[in-house]
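# Give me the fold of what follows.
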Amino acid sequence: PNIHMSPPRRPPAPPPGAETASADGFAVRRDPQGPHLVTVKRIELGEVSGLPTQQLRAAALHLSGVDALELETATDSARAVVADGDVQLGPVIVTTGEQGTRVEVTRAAVEGVAVTIRRLADGRLAGFNHLESTDPSAAPATVPDSEAASSDPGFTLAVDELVVAPGSRISFQDQGVSPRFNALAEVTELQVTQIDTRERGRLSPYRVAATVNEFGKLELAGDVQLLSADPTLTAKGSVSGIGLPPLSSYTVPAIGYNLTSGQLSADIDFRFDEGVIDGALDLRLANIQVASAQNKKTQRTLRLLGSPLESALDTVRDSKNNVRLTLPVRGNLQDPQFDLSNVMGTAMVGAVQSAVLTYVKVSVLPLAALGTVLDVVGATTQIQLSPVEFVAGESTPREQGFDDYLTALAGVAGDRPGLRFRLCGLATGADASGDDDAGADELLTLAGDRASLIKRRLIGDKGIAAERLFICQPQVVDDDSPPRVEVRVDK
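Sure thing, here's the model as predicted:
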């Protein structure tokens, strides 16, 4: 409803019995003086019947030079959200009457289209505001939507299947970050079904496959509400092979770090509903390297993680140098207070913290299976394993489970090549109870010998590199706790 059509400059009016018709084009606006929603340079109809009745049927309809959602500020590369489309439709039924004009299409095939999605600095999507009526008399506020849809003359469109041919392009630019983020997707498959603008709120199933920035791959499927100022979209799928450095436009203001190298792959599951996004990305970051931007957000990230981001990522790297994170994304993109960078920053720091805790619970499972206690120290991500206990007064470990402990520790070290281990020898009151002449120096030497023994065994028997094992300054504690070497994980 409330959509206005300017007639073709040369209306199709073939003589009786003619099977084809053509026209120079037409334009569609929501308001008589408003910007174009759709413009078409030329129309060609084949196998036309029904003229001059209120219903026209055509076996084929060809629209060339199709633009949709005229941009407020055109550029050399884009004058509309959708530009230069070539559309083949058929069969087509056009019905006119008191309820306006109704166009029904069985199949629409689009070729050569260029789509430009531009997020402005204020968060709006350029061109989509044209879907909102600017004529205050167009739709009285007292009329319910259902009544307005059935009583106001207008234009409605139904398409059973919309297919976009390979080679069409979708470009995205985010002007709300610096430097501006740009992405280009070339469509290899795009299909939308069950489109009907008469049914407000209707969701149309879709699926899309595309290459992204030449080397990446994107596959998505879900439902979308088309031709709405506040579109609804659900999306499930995956993306792979996306270079990380361009995403620094988001990570620098979000967490204070540049992404200097690496590739992103992700499983995607989210919903975009009337400007509100809610979902999650399961990320795999291959060979990720970061560098501090040395701004306020860098310090905030350090406080939240308890360590530099580089160290936290090293904690959760697997043996193939991959980092896996689950990144929740939530917020209202049209809220003036919404800051995509802040949302991403909070989510990313939380995801790293969660990944470290998951590592504690899962990746060190071989040690836990042996009855080892795992602790997260304070509010940081420092990991302390169960200690290796020693015979009182000796540098001999208790034999029960000792070799199994070292084997499990070596397995964790092999799975996480970025981890380092601190070996902290302790002598206790139990060491002095059997030797009244044992002084502090002797106890400190004993504590140091115990840590050295563990390091020697891990290097010689288990193959852990010496540069990953660090011996702490030995300590003497005045209690009756078991003599031991504490094993701590450094990121």
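# Only C-alpha atoms from now on, for both contacts and neighbour counts.
OK.
# Report the secondary structure element holding Ala347.
Ala347 belongs to helix 340-358 when elements are defined using DSSP states H and E.
# Quick one: mean pLDDT for that helix?
Mean pLDDT, helix 340-358: 71.
# ok, now stretch 197-205?
86.
# which parts of that stretch are buried?
Thr197, Arg198, Arg202, Leu203, Ser204, Pro205 (16 or more other CA atoms under 10 Å).
# Checking Thr53 next. Helix, strand or coil?
The assignment at Thr53 comes out as coil when based on DSSP: H, G, I helix; E, B strand; the rest coil.
# For it, give me the pLDDT.
70.
# Could you check how far the residue nearest the centre of the chain is from Glu310?
Residue closest to the average C-alpha location in the chain (CA atoms, centre = their mean): Leu281, at 4.9 Å. Per CA to CA, to the nearest Å, Leu281 is found 21 Å from Glu310.
# swap in Arg317?
11 Å.
# Then Ala447?
32 Å.
# Comparing these two, which residue is more hemmed in?
Ala447 (28 against 15; other CA atoms under 10 Å).
# Now the more buried one. Its backbone dihedrals?
phi -60, psi -40 (degrees, to the nearest 10).
# Could you do Thr315 as well?
Dihedral angles (degrees, to the nearest 10) for Thr315: phi -60, psi -40.
# isn't it right up against Ala413?
No. Using CA atoms under 8 Å, Thr315 is not in contact with Ala413; the gap is 10.5 Å.
# What ranges does the stretch 151-300 of the chain have for its strands?
154-164, 169-174, 181-196, 204-212, 216-224, 232-243, 257-273, 276-292 (DSSP state E, counting those that start in this stretch).
# out of the ones you listed, nearest to Arg29?
Between Arg29 and those, the tightest spacing by CA to CA is seen for strand 154-164, at 10.3 Å.
# pLDDT weak spots in the stretch 351-491 of the chain?
Counting by pLDDT under 70, the stretch 351-491 of the chain contains low-confidence residues at 356-383, 433-438, 491.
# Helices along that one, start to end?
Using DSSP state H, counting those that start in this stretch, the helices of the stretch 351-491 of the chain run over residues 365-369, 402-415, 429-432, 440-460.
# Dump the ones you listed to JSON lines, plus distance to Val212.
Listed next are these as JSON lines, based on distance: least, CA to CA, whole Å:
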{"stretch": "helix 365-369", "distance to Val212": "38"}
{"stretch": "helix 402-415", "distance to Val212": "32"}
{"stretch": "helix 429-432", "distance to Val212": "65"}
{"stretch": "helix 440-460", "distance to Val212": "46"}
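# that older thread, more neighbours: which of Thr315 and Ala413?
Thr315 (26 against 23).
# Please tell me how far that one sits from Leu63.
For Thr315, the distance to Leu63 - CA to CA - is 57 Å.
# Output the strands of the stretch 151-300 of the chain in a markdown table; the columns should cover distance to Asp480.
Converted to a markdown table, the strands of the stretch 151-300 of the chain look like this (distance: least, CA to CA, whole Å):
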| stretch | distance to Asp480 |
| --- | --- |
| strand 154-164 | 76 |
| strand 169-174 | 63 |
| strand 181-196 | 61 |
| strand 204-212 | 63 |
| strand 216-224 | 60 |
| strand 232-243 | 56 |
| strand 257-273 | 47 |
| strand 276-292 | 46 |
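# still on that earlier bit, which neighbours do Thr315 and Ala413 share?
Residues touching both Thr315 and Ala413 by CA atoms under 8 Å, 6 or more residues apart in numbering: Leu419.
# residues contacting Gln173?
Ile117, Arg118, Arg119, Arg180, Phe181, Asn182, Ala183 are the contacts of Gln173 under CA under 8 Å, 6+ apart.
# Please read the previous query as pertaining to Ile195.
Leu157, Ala158, Val159, Asp160, Glu161, Arg202, Leu203, Ser204, Leu226.
# Touching, Gln263 and Gly241? I think so.
Yes. When contacts are counted by CA under 8 Å, Gln263 is listed as touching Gly241 (5.7 Å).
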